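Colleague: whatever this is, show me its structure:
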Amino acid sequence: MLKNLLYILLLILSLPSKAQENPFPVDSLPYDAIINSTLGGKRMKYFGKLDFTLSQAYFENWVSGGENAFNGILHLDYNFNYSNRKGWVWDNNLMISLGGNRTSSSKILKKADDRFEINSQLGKQINQFWNYAIYLNFKSQLLPGFRYYEEDRVEKKDKLTRIFSPTIIQLGVGWYYKKNSNSWVNLSPLSARGILVGASYTRNLQEGQKYFGVEKGKTSLLNLGASVNGFFKLLLMENITIENKFNVHANYIQKIQNIDFELNTILRMKINRRISSNLIAHFLYDDDLTGRLQIRELFGAGLSIDL
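Modeller: A predicted model of the protein is given here:
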């Protein structure tokens, strides 16, 4: 009996006290540590960045020739992350980028950028870094897009896109690897991808003609495949960082050999707390949208605000 009492006493003394369970304030711990800790409760984190980038070129009496140009882009990247002690992780990202371009040879203000994108990942933790996950990606634009051409020395335009037409929605299940907020990868061996367009854009198509992959008289295109997407942010040297966001999708049903991919890279060179110089490079290949590689590049300086 005495031996059993001593055993119970030693067991009680070996249990950590409340002070031992919570030796540090919650906010002093790394964000992901809340899942494996014994602190209890839930944890939410909000963070983001707002950039306003400008580039400009001016020529006057320049013998070699040149064209005056002004370019401006407003870019918002905002995150909302949630996790709790039961191992549930919910990470969300909102990205909005709008920009305009004006040149001396045109009286029309043209789009330099127009993107609206939401990424959401719900995961159940397997271990410190890996999670079972459901992934959602919503991608579209907010402003109408045009094809510009000249006729009888008059610049004209034809409307090609409008708000949320086209819209690309991707839903997948698989695994989510997250080392921290600056490094994550989502692997989805089963992924559904849909393209939604306005009926007015496919109603008058010719037979065999397609609008962003959607056939005449239809408003959607659905395919099944696999996808890999992720984000990496690296510190190259003091005040210089590079951010890479990528998405790769392979279709199981049609054109398996054609792999769609997107890579968006931002090189940030910080001048001071509010001003930075940014190099933006965007590469996109989507066989349903166009059979060619799309490239967009911008270099400029402007305001950069942490939210």
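Colleague: okay, CA-based contacts and neighbour counts for the rest of this
Modeller: Noted.
Colleague: residue 149 against residue 156, yeah?
Modeller: Yes. Using Cα atoms under 8 Å, residue 149 is in contact with residue 156, at 5.4 Å.
Colleague: ok, residue 175 - contacts?
Modeller: Neighbouring residues of residue 175 by Cα atoms under 8 Å, 6 or more residues apart in numbering: 130, 131, 132, 133, 134, 186, 187, 188.
Colleague: most neighbours, which of the residues you listed?
Modeller: When neighbours are counted by other Cα atoms under 10 Å, residue 186 leads the contacts of residue 175 with 25 neighbours.
Colleague: mind listing what's buried in the host helix or strand of that one?
Modeller: Using DSSP states H and E, residue 186 maps to strand 183-196. By 16 or more other Cα atoms under 10 Å, the buried positions in strand 183-196 come out as 183, 184, 185, 186, 187, 188, 189, 191, 192, 193, 195, 196.
Colleague: closest to residue 74 among the residues you listed?
Modeller: Among those, residue 183 lies closest to residue 74 (Cα to Cα), at 24.4 Å.
Colleague: for the closest one, which residues make a bridge with it?
Modeller: With DSSP bridges as the criterion, residue 183 is bridged to residue 180, residue 232.
Colleague: hmm, who's touching stretch 276-290?
Modeller: By Cα under 8 Å, 6+ apart, stretch 276-290 touches 53, 211-213, 258-271, 291-304.
Colleague: who's the nearest residue in space to residue 120 that is not next to it in sequence bridged to?
Modeller: Distances taken as Cα to Cα, 6 or more residues apart in numbering place residue 92 nearest to residue 120, at 4.4 Å, with adjacent residues excluded. Counting by DSSP bridges, residue 92 forms beta bridges with residue 80, residue 120.
Colleague: residue 92: neighbouring residues, count only.
Modeller: Residue 92 is flanked by 17 other residues according to other Cα under 10 Å.
Colleague: what's near enough to touch residue 177?
Modeller: Residues in contact with residue 177 (Cα under 8 Å, 6+ apart) are 129, 130, 131, 184, 185, 186.
Colleague: please name the nearest non-neighbouring residue to it.
Modeller: Leaving aside its chain neighbours, residue 177 sits nearest to residue 130 (4.7 Å; criterion: Cα to Cα, 6+ apart).
Colleague: the residue nearest to residue 120 reaches residue 80, doesn't it?
Modeller: Yes. Under the criterion of Cα under 8 Å, residue 92 makes contact with residue 80 at 5.1 Å.
Colleague: confidence score at residue 275?
Modeller: If you check residue 275, the pLDDT there is 91.
Colleague: ok, now residue 82?
Modeller: 90.
Colleague: which non-adjacent residue is nearest it?
Modeller: residue 44 is the one closest to residue 82 (Cα to Cα, 6+ apart), at 4.5 Å.
Colleague: look at the one you found and say how many residues are nearby.
Modeller: Residue 44: 12 surrounding residues under other Cα under 10 Å.
Colleague: make 37 the starting number, not 1.
Modeller: Sounds good: first residue 37 from here, last item residue 80.
Colleague: which ones are touching it?
Modeller: The contact partners of residue 80, by Cα under 8 Å, 6+ apart, come to 116, 117, 118, 119.
Colleague: count the residues that sit near residue 151.
Modeller: If we define neighbours as other Cα under 10 Å, then residue 151 has 15 of them.
Colleague: what's across from it in the sheet?
Modeller: residue 133.
Colleague: touching, it and residue 176? I think so.
Modeller: Yes. At 6.1 Å, residue 151 counts as touching residue 176 under the criterion of Cα under 8 Å.
Colleague: circling back: show the pLDDT at the residue nearest to residue 156.
Modeller: Residue 128 is given a pLDDT of 94.
Colleague: what's the answer for residue 77, then?
Modeller: At residue 77, pLDDT is 60.
Colleague: kindly report the same for the one 4 residues further on.
Modeller: For residue 81, the pLDDT comes out at 88.
Colleague: so what's it closest to, chain neighbours aside?
Modeller: Take residue 81 and drop its neighbours on the chain: the residue closest to it by Cα to Cα, 6+ apart is residue 117, 5.1 Å away.
Colleague: do residue 318 as well
Modeller: residue 300 (4.5 Å).
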